[in-house]
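Chemist: Fold the stuff below for me.
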Amino acid sequence: MVDAATAAKVGTALAGINGLYCGLAPEPAAEAYGVKPASFELLEMIKSLGNSFVSSALLSILVLNGMGLGMAMAWSTLPWILSSLDGIWNGTNKKMGMPDFAPYLFLSVCAAAAYCGATDTSMPLAAKLFAGWNGFNDALFAIAPAKGAESWGMKGDAKFNAMMKNFGYSLLSFAALLVSLVQGVDAPKAVGYSFAVMLVSLIDGLFVSKTFEDVSDDKMPAYIWMAIQAAVVGLTVVM
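Modeler: As a prediction, this is how the structure comes out:
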């Protein structure tokens, strides 16, 4: 029987590698998942989704290996800090239709979370606020992606909205992980809770809202990830 810590580490590693691939090579990742053709806006959403997975993976793997929550949270902001700088220097956010202040706001929030975590300033309040930022701001993306995107000046087709919904769930997953850790939940179980959110995302996309049909005709990758997520949840939370 695989123990909870091993299941959490393996699941986290797989999710992190997938996130790194999506973040660094969104176009090949889109083709690998059968998402084509992919517009600029859709590719940027795939990058953001990848960044979210890497952020969660960093937080998970570091606490699973004994790092303190504050410093682990600080490291988890790195993908978003780099993404914010991309938005500022390359105008990526503006090309997506977002207001000029958006990347500066994102950078400020992440830099504050990184500083508080690394220096143990205002912890655990800072962790709760950072989790709240991720959870509250992006619950709308998961529930009503078109409205959520519109609130930040973005709009797109059905594929874009489907990816936005998945992105919202991914940030809710991060929030669930961070809140669980703040409340003293064991790291493997906290990882399991975060995987449970992503499992709900796939169930929603495949069987409830069925938005996955707007993204790709190839559902096999979704079923594979569903199996991985269900296994992690089962071994870390249920058993």
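
Chemist: going forward, measure contacts and count neighbours with C-alpha atoms only.
Modeler: Fine.

Chemist: what's the average pLDDT for the helix or strand harbouring Ser194?
Modeler: Under the criterion of DSSP states H and E, Ser194 resides in helix 187-203. Helix 187-203 carries an average pLDDT of 97.

Chemist: Contacts for it, please.
Modeler: The contact list for helix 187-203 (C-alpha atoms under 8 Å, 6 or more residues apart in numbering) reads 4-5, 7-8, 12, 60, 63-64, 166, 169-170, 172-178, 180-181, 222, 226, 229-230, 232-234, 236-237.

Chemist: Name the spans of the protein whose pLDDT lies under the cut-off.
Modeler: Across the chain, not a single residue meets the criterion (pLDDT under 70).

Chemist: please redo it, this time with the cut-off set to 80
Modeler: 1, 37, 136-138, 239 (pLDDT under 80).

Chemist: Break down it into its helices, ranges please.
Modeler: For the chain, the helices defined by DSSP state H occupy 4-24, 26-32, 40-64, 69-76, 78-89, 92-95, 102-119, 125-143, 145-151, 158-182, 187-203, 212-215, 220-233.

Chemist: Using TSV, lay out these together with mean neighbour count.
Modeler: Listed next are the helices of the chain as TSV, based on neighbours: other C-alpha atoms under 10 Å:
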stretch	mean neighbour count
helix 4-24	20
helix 26-32	18
helix 40-64	24
helix 69-76	23
helix 78-89	18
helix 92-95	18
helix 102-119	19
helix 125-143	19
helix 145-151	19
helix 158-182	25
helix 187-203	24
helix 212-215	20
helix 220-233	18
